[in-house]
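>>> my questions are about this predicted structure, shown below with the sequence.
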Amino acid sequence: YHIFYQMCKGMRETPPQLYEELKLAGPEEFEYIRKNTEVENVDDRQTWRETVECLEGLQFTKEEQDMLFRVVAGVLHLGNVQFEEDPPQPQNWQKADKNAHTKEHRGEGAHVCREGESETAFQDVCRILGVEETEARKVFNSKGLEDPLTKRIINMPQSTKEAINVRDAMAKEI
């Protein structure tokens, strides 16, 4: 996690244009790191400079460093993406008999909150990582399951909790 704090606190000094392009801010603005924004006896600005010096010493090009920083910034913004779920659609319930509902249709699944900071964070993630927004939305909205008999892929809506798990697993994998 150190690189997250270093970028948030130190990158605005060098290079400031990339800091602005990546829409970085203080650590308190990012869900994944906002709980502990200060560590005693750690100067994140200084360790940022040391990190950049190490990357240069390892002969990372400016382009390679920028790509690395993009990925880290993408993960920070990904943590700010929140989800909401469409309400159930009663007209789609399947009835076992006239008095009982056996399966509730879950609406269209979870989706990125359409307003405010979450939508902005989602757009930032896609822009920074070079991901098509429409395709990224599908990842959170539904999951593909293979029918064992027909081998067809069936897209099932995901709950908000499932979308959050996908988001966090994606952040860890990146």
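Right, received. Where do you want to start?
>>> can you classify residue 13 as helix, strand or coil?
Classification of residue 13 by DSSP: H, G, I helix; E, B strand; the rest coil places it in coil.
>>> quick one: neighbours of the spatially closest residue to it that is not a sequence neighbour, just the number.
In this structure, residue 13 finds its nearest non-sequential neighbour in residue 45, 6.7 Å apart by CB to CB, 6 or more residues apart in numbering. The C-beta positions use only the backbone N, C-alpha and C, and glycine is treated the same way. For residue 45, the neighbour count with other CB atoms under 10 Å is 15.
>>> and the spatially closest residue to residue 79 that is not a sequence neighbour, what does it touch?
Spatially, and ignoring its direct neighbours in sequence, residue 79 is nearest to residue 32 (3.7 Å; CB to CB, 6+ apart). Contacts for residue 32 were tallied using CB atoms under 8 Å, 6 or more residues apart in numbering; they are 1, 4, 75-76, 79, 171.
>>> from these, keep the buried residues only.
4, 75-76, 79, 171 (16 or more other CB atoms under 10 Å).
>>> can you redo the residues you listed as a markdown table with distance to residue 137?
Output for the buried ones among the contacts of residue 32, formatted as a markdown table (distance: CB to CB, whole Å):
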| residue | distance to residue 137 |
| --- | --- |
| 4 | 25 |
| 75 | 18 |
| 76 | 20 |
| 79 | 17 |
| 171 | 17 |
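>>> of the residues you listed, which belong to helices?
4, 75-76, 171 (DSSP state H).
>>> out of those residues, what pair is the most spread apart?
4 and 171 (11.0 Å; CB to CB).
>>> who touches both of the two?
Contacts common to residue 4 and residue 171, judged by CB under 8 Å, 6+ apart, are 32, 75.
>>> check contacts around the closest residue to residue 117 other than its chain neighbours.
Counting by CB to CB, 6+ apart, residue 117 lies nearest to residue 80, which is 6.3 Å off, once chain neighbours are set aside. Listed by CB under 8 Å, 6+ apart, the contact partners of residue 80 are 29-31, 117-118, 121.
>>> what residues of stretch 42-58 count as buried?
44, 47-48, 51-52, 55.
>>> show residues contacting it.
2-3, 5-11, 13-14, 64-65, 68.
>>> only the buried subset of those, as a ChimeraX command please.
Typed into ChimeraX, the line below selects the buried ones among the contacts of stretch 42-58, using 16+ other CB under 10 Å:
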select :3,5,6,7,8,9,10,11,65
